[in-house]
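Trainee: Could you work out the structure for the sequence below:
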Amino acid sequence: MRQEKRLTMDQLAERMRDLGHPILKSGISKIESGDRRVDVDDLVALAIALEVNPNRLLLVDHAEVDDELELTGELMVTSKSAWAWASGDLTDDAGPWPWAKFAEHGGRPMEAHRFQKATRPHDPPIYLTPEEWAVVEPLRQRVSRLWFDLSEDERPLLQTVFKSLVGFNFAVVAVKEDDRGEL
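Mentor: Here you go, the predicted structure:
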């Protein structure tokens, strides 16, 4: 990442020092060679210094459905699934994740809602009353049918257009179960 940004180790070390989290040039060299571990404080400071989010330092630089990425010694997923998880998104191709069952067409909307609420506080899913849901559900079903009629190449465009039109995260909508809005 440092090299992609065309920074020398000295320049990155200077940025880290300016952020109040100094890491010497030798420390940066050891991080890049895998000889020094990075703690959470290092990760955040490095992400700020490199002008990316921490996920970009933790994951690969692409999101594909046909590659494998090892997240733990036992968990292999596609890079697209890893990025969706790290971004708090739920996708139809979420792979072997526990939240794959949350997908809109498979299943557990309350768990999906909780996942997105916890992982996307800046863009939380919306709550609807049962009356509002009765109006929205037919539209959701029509959009879902349209989604499955589209080719894989057309789906990202619909997703982008729909999100820009509605202006909020419409991936998971929860219905209020009581007057307090608790799920």
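
Trainee: Every contact and neighbour count from this point should use C-alpha atoms.
Mentor: Will do.

Trainee: need the contact list for Ile28.
Mentor: Counting by Cα atoms under 8 Å, 6 or more residues apart in numbering, Ile28 touches Met9, Ala13.

Trainee: could I get the strand or helix carrying it in PDB with only the CA atoms?
Mentor: Remark: Ile28 resides in helix 25-33, with elements defined by DSSP states H and E. The C-alpha coordinates for helix 25-33 follow below in PDB (Å, rounded to 0.1, in the frame of the first residue of the first chain):
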ATOM      1  CA  LYS A  25      11.500   3.500   9.300                       C
ATOM      2  CA  SER A  26      12.900   0.200  10.600                       C
ATOM      3  CA  GLY A  27       9.600  -0.600  12.200                       C
ATOM      4  CA  ILE A  28       7.800   0.000   8.900                       C
ATOM      5  CA  SER A  29      10.300  -2.200   7.100                       C
ATOM      6  CA  LYS A  30       9.600  -5.000   9.600                       C
ATOM      7  CA  ILE A  31       5.800  -4.600   9.200                       C
ATOM      8  CA  GLU A  32       6.100  -4.900   5.500                       C
ATOM      9  CA  SER A  33       8.400  -8.000   5.700                       C
END
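
Trainee: Other residues contacting the helix or strand that it is followed by?
Mentor: For helix 25-33, the following helix or strand on the C-terminal side (DSSP H and E) is helix 40-50. Helix 40-50 is touched from outside by Met1, Arg2, Lys5, Leu12, Arg15, Met16, Leu19, His21, Asn53, Pro54, Arg56, Leu57, with contacts defined as Cα under 8 Å, 6+ apart.

Trainee: got these as CSV, with pLDDT, neighbour count and secondary structure columns?
Mentor: Output for these, formatted as CSV (pLDDT from 0 to 100; neighbours: other Cα atoms under 10 Å; DSSP: H, G, I helix; E, B strand; the rest coil):
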residue, pLDDT, neighbour count, secondary structure
Met1, 90, 14, coil
Arg2, 93, 15, coil
Lys5, 94, 10, coil
Leu12, 98, 22, helix
Arg15, 97, 19, helix
Met16, 98, 21, helix
Leu19, 97, 13, coil
His21, 98, 17, coil
Asn53, 95, 15, coil
Pro54, 96, 17, helix
Arg56, 95, 16, helix
Leu57, 95, 15, helix
